Every structure is written in structure tokens, then in C-alpha cells.
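# Okay, predicted coordinates and the sequence, questions at the end:
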Amino acid sequence: GAVVSQHPSRVICKSGTSVKIECRSLDFQATTMFWYRQFPKQSLMLMATSNEGSKATYEQGVEKDKFLINHASLTLSTLTVTSAHPEDSSFYICSAGTGGYTFGSGTRLTVV
Amino acid sequence: QKEVEQNSGPLSVPEGAIASLNCTYSDRGSQSFFWYRQYSGKSPELIMFIYSNGDKEDGRFTAQLNKASQYVSLLIRDSQPSDSATYLCAVRGAAGNKLTFGGGTRVLVKP
């Protein structure tokens, strides 16, 4: 149980463009999903908590206008990185669960 | 003081031995505790979670929780080279449902 699917697994985009990442709960309903970012050799950093039907809660220092989160259904949350720049290149991972939280497979974003 | 602390390692363990990983947390009201394994370049995999004081066993893994000491540990019995990874401790606090992660402990199991 608690399978979380994330797409795409890898994306390369040009600087200034936007990228959308999808996170789906496959066998359960997720009123809350979490979005993390991880830089090489560092631990996970929580970016925001995605809440179904309401606004996301962003962690301190995370620009909500740059990292747009939409959680329109109980099985889908999306993270859009707007006007991406090379410093946004990172590993983005979503998480959800009903007790123990499981992670999606992650999206490796490279901005060139 | 960090909210969740782990020794970064590497913890070097001979194959077949027991690997012992430790994690301390600062929020005394924390409710639940999670251990994840993360291979290089991959997302974390949930190993197990524990809510109550004491031990919880799942296969070769045992989680131990001591809320009075604000301490949670993970034992890996009969360690295998495939157990070589970074192990992340995460804590869910008293308020809200988000997890706070430690920095992770890198484990190397040598054949």
C-alpha cells in the first residue's frame, strides 16, 4: 500500500522556462502531500506542504511565486518551477502516506 | 541544536555483523518516528516507523524508541553489502504532520 508515483523522472529545461512535476497517490487518497528538494550530498529539505482543496503551506525561505503547488484532487499534486534558473537544478521528491510516508521516485531537474 | 541529529558516518560494518544507527530529537512532544534508506541518486525508501516506546522488529531491522531520552535507533542484523546506503531518521512533531529529517548516516557494509 501507499504507492506514490512521480513524473517525470528527469527533465532538462532552458533557463527561464517553467517545469511541472506531478505526484500521484495510486492506492490511497492523500489530503496532504509534501514536496522536498535535495542537493547533492545533503539531506532532504521540505519545501512545502500541499493541501487538497486549499493553499499550500510553504517553509520559510521558499518562494511561493516561484514554486507553484496545486493539489486539486485527492490523488494528484503538482509542483511547477516557474522561470527556472540553473540554481534551481536539484532533485525534487514528493511524499505522502497514511501512517508511514512513502516517497515518489523523484525528479532530477537540470536547468541549462 | 538541530531538531533531529544523526552521526553522518560513514559507519563501516563487516558483512554479517549488526549495524547500529542512532538518532536524537529535540521536540519532546514528537509523536512518531521513521527510518528511511536512501541509495545514491534515488529517493528514500521507508524501512519502518515506530510510535511507542520499546522495540519494533521487521525482518532484519529493529527500531528502538526511548521517548524519555529522546532517542530512536535502528539495528540492522546480518548486514549485507546491499545495505550500504544512507539511512535517514525522521520525526513527526506534536504539531502538524510534516516530518523533520536528520542529516543521515552513511553505512558501508564490507564483504
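That came through, no problem.
# okay but residue B:101 is in contact with residue B:87, surely?
No. In this structure, residue B:101 is not within contact of residue B:87 by CB atoms under 8 Å, at 11.0 Å. To be clear about C-beta, it is placed using only N, CA and C from the backbone, and glycine gets the same treatment.
# Now the common contact residues for the two.
Shared contacts of residue B:101 and residue B:87, defined by CB atoms under 8 Å, 6 or more residues apart in numbering or on different chains, are absent.
# Which stretches in chain B count as strands?
Listed in chain order, the strands found in chain B under DSSP state E are B:4-5, B:11-14, B:19-25, B:32-38, B:45-50, B:54-58, B:61-66, B:71-76, B:85-92, B:99-101, B:105-110.
# same question, chain A
Using DSSP E, strands in chain A cover A:4-7, A:10-13, A:19-25, A:32-38, A:45-51, A:57-58, A:67-73, A:76-81, A:90-97, A:101-103, A:107-111.
# which one of those strands lies closest to residue B:53?
Closest of the strands of chain A to residue B:53 is strand A:101-103, at 21.4 Å (criterion: CB to CB).
# Quick one: name the residues of chain B near chain A.
B:34, B:36, B:42-46, B:48-49, B:88, B:90, B:96-104 (CB under 8 Å from any CB of the partner chain).
# hmm, which of those are the buried ones?
B:34, B:36, B:43-44, B:46, B:48-49, B:88, B:90, B:98-104 (16 or more other CB atoms under 10 Å in any protein chain shown).
# Looking at those, which gets the smallest pLDDT?
Taken together, these show their lowest pLDDT at residue B:98, with 88.
# in terms of contact, does it touch residue B:34 like I think?
No. If you go by CB under 8 Å, residue B:98 and residue B:34 don't touch, sitting 11.8 Å apart.
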